[in-house]
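Enquirer: Sharing a sequence plus its predicted fold:
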Amino acid sequence: MNAADTGWMLVSTALVLLMTPALAFFYGGLVRSKNSLNTMMMSFISLGFVGVVWAVAGYSLSFAPGNDLIGDLSRVGLKGVGLEPQGTIPHYLFMAYQGTFCIITAALISGAIVERMRFSAYLIFITLWALAVYSPVAHWVWGGGWLAKMGALDFAGGTVVHVNAGVAALVAALVVGKRRDFKTAALLPHNVPFVLLGAGLLWFGWFGFNAGSAVGANNSAALAFTTTFLAPMGTLFVWTLLDYVRLGKPTAVGAATGIVVGLVAITPAAGFIGPMSAIALGAIAAIPSYFGLIIRARTSLDDSLDVVAAHGVGGTVGALLTGVFAQKALNGVADGLLFGNPGQLAIQGVAVLAAIVYSGAMSFVLLKLIGMVIPLRADASDESTGLDITQHGEEAYVHAGGSSVMAAQSTSQVFGGSHGLAQNHLQTR
């Protein structure tokens, strides 16, 4: 047991847990005021439901000894998990740290189906998804499964977290369907300062997300901390230039989105590449995600907050570029294409493809099964009124007339709503 490692991992666990409330602010500011509480609750509720199933069974399925596909049930209910060392930190702490990853991964999916999915159906979905989708993929990569044995590199969750959640979000958006006023109403974020606050807190928490994945206060953590510091800067730099070229001015939502995309992209590579490679990776990642937002906005896909472009595309690009920029002299594990090992890029591609296929298929099955029991969508009248009142009996903002359905309806007329990230900062002026 190492006291410095334990101290750093205590801090990292708290930092990653903070990322879920940060995500709530990021997502909550992007939607209409009548749906802001519901949207934020979709993140906050993961702390409870996904957190509990992680301790009960998810940790065992992810990290207990098993086979190449799934962990066994030897650690169900945290049996055999205590204060004994797991590496150089207490086993309890390792379990808690990994649990924060599962919690935010499930919450990420909500951005694709906000403003129309019934909250009860969403609860059931993320709870089952954490066990049936997240846990197996985590085992493949981090629990000694088949992708780990193949040599796939995923330092902090490009494949396990972002590709996994991005594909699930795409499937959920398709299965649940479009918002009833999709492309027929002015859909703009109701609170852009919330979006900036959420992005800033996400970057803060991401140092625990990436540098904490070294599971110790060591050189690997320092490298991951540095690359997490630099990569979003590269993305923000390029994203701002793209905004200037396309729109003539940078937007606040664009800046926040660029930061998040950079954080997503560096996640799989954080402890494997050098600082200048991190800037290059972040700069490159801005381009496909930026234009992914534009392309999505021109289709009939209602990925409300563009989870696919930000997390799915960003995570895929980051995972593949890990196979390009990885440097064994720094990470002690493997080189990438630029350092004489082109095979690593192929391995990264296999890992991404495996996550896409499995997450896509299982997410579809889960949603269809849940839909056979309870409706996935809120009623048309509930969607029109707003999900804050109809799903939670609360309002985010009290207006002159007091808290009432009519006040909420008038608010939605004044503020409009969110039509995703793309509509706010990429529309032609």
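Expert: Ah, there it is.
Enquirer: List the contacts of the spatially most central residue of the chain.
Expert: For the chain, the residue sitting closest to the mean C-alpha position, by CA atoms, centre = their mean, is Leu108 at 4.1 Å. Residues in contact with Leu108 (CB atoms under 8 Å, 6 or more residues apart in numbering) are 23, 161-162, 165-166, 169, 307, 311. In this view, the C-beta of every residue, glycine as well, is placed from N, C-alpha and C.
Enquirer: In a helix, it, correct?
Expert: Yes: under DSSP: H, G, I helix; E, B strand; the rest coil, Leu108 sits within a helix.
Enquirer: Look up the pLDDT of it for me, please.
Expert: For Leu108, the pLDDT comes out at 98.
Enquirer: Relative to Val352, how far out is it?
Expert: 17 Å (CB to CB, to the nearest Å).
Enquirer: CA atoms only: put stretch 334-343 into CSV for me.
Expert: What follows is stretch 334-343, C-alpha atoms only, in CSV (Å, rounded to 0.1, in the frame of the first residue of the first chain):
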residue,chain,number,x,y,z
ALA,A,334,3.5,0.1,-26.8
ASP,A,335,4.4,2.4,-29.8
GLY,A,336,1.9,3.6,-32.4
LEU,A,337,2.1,4.1,-36.1
LEU,A,338,4.4,7.1,-36.0
PHE,A,339,6.9,5.3,-33.8
GLY,A,340,7.2,2.1,-35.9
ASN,A,341,4.2,0.0,-34.9
PRO,A,342,1.4,0.3,-37.5
GLY,A,343,-0.2,-2.8,-36.1
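Enquirer: So what touches that stretch?
Expert: By CB under 8 Å, 6+ apart, stretch 334-343 touches 151, 153, 272-273, 322-329, 344-345.
Enquirer: Now list the buried members of the residues you listed.
Expert: With burial judged by 16 or more other CB atoms under 10 Å, the buried subset of those is 153, 272-273, 322-327, 344-345.
Enquirer: Nearest to Val76 among the residues you listed?
Expert: Val76 lies nearest to Leu153 out of the buried ones among the contacts of stretch 334-343, by CB to CB, at 29.7 Å.
Enquirer: what sits against the closest residue to the closest one other than its chain neighbours?
Expert: Residue nearest to Leu153 in three dimensions, not counting chain neighbours: Thr322, with 5.1 Å by CB to CB, 6 or more residues apart in numbering. Contact analysis of Thr322 by CB under 8 Å, 6+ apart lists 153-155, 158, 268-269, 272-273, 336, 344, 348.
Enquirer: Specify the local secondary structure of Thr322.
Expert: Quick answer, by three-state DSSP: Thr322 is helix.
Enquirer: Against Ala269, how distant is it?
Expert: Thr322 is 4 Å from Ala269, by CB to CB.
Enquirer: Give me the common contacts of those two.
Expert: The contact lists of Thr322 and Ala269 share 153, 155, 158, where a contact means CB under 8 Å, 6+ apart.
Enquirer: Now do the last one against Gly87, distance only.
Expert: So the one you mean is Gly158. Distance of Gly158 to Gly87, computed by CB to CB: 22 Å.
Enquirer: Could you list the low-pLDDT ranges of the stretch 301-429 of the chain?
Expert: 399-429 (pLDDT under 70).
Enquirer: ranges for the strands of the stretch 1-150 of the chain?
Expert: Ranges of strands within the stretch 1-150 of the chain are 85-86, 89-90, based on DSSP state E, counting those that start in this stretch.
Enquirer: Against which helices or strands is the first one packed?
Expert: It refers to strand 85-86. Here strand 85-86 touches helix 91-108, going by 3 or more CB pairs under 8 Å, 6 or more residues apart in numbering; DSSP states H and E.
Enquirer: in the helix it packs on, what's buried?
Expert: When burial is assessed from 16+ other CB under 10 Å, helix 91-108 yields the following buried residues: 91, 93-108.
Enquirer: check contacts around the residue nearest to Leu78 when sequence neighbours are not counted.
Expert: What sits nearest to Leu78 in space, not counting adjacent residues and going by CB to CB, 6+ apart, is Ala55, at 6.0 Å. Ala55 is in contact with 77-78, 95, 99, counting by CB under 8 Å, 6+ apart.
Enquirer: cool, Val11 as well?
Expert: Contacts of Val11 (CB under 8 Å, 6+ apart): 208, 212.
Enquirer: hmm, back to that, closest one to Lys183 out of the contacts of stretch 334-343, please.
Expert: Relative to Lys183, and with distances defined as CB to CB, the nearest of the contacts of stretch 334-343 is Thr322, at 36.7 Å.
Enquirer: from what I can see Gly323 touches Val352, true?
Expert: No: Gly323 is beyond contact range of Val352, at 9.8 Å (criterion: CB atoms under 8 Å).
Enquirer: what sits in contact with each of these two?
Expert: By CB under 8 Å, 6+ apart, no residue touches both Gly323 and Val352.
Enquirer: Inside helices: which ones of the contacts of stretch 334-343?
Expert: 322-325, 328-329, 344-345 (DSSP state H).
Enquirer: and the two most separated of those?
Expert: Using CB to CB, the two most remote members of these are Ala329 and Leu345, lying 18.2 Å apart.
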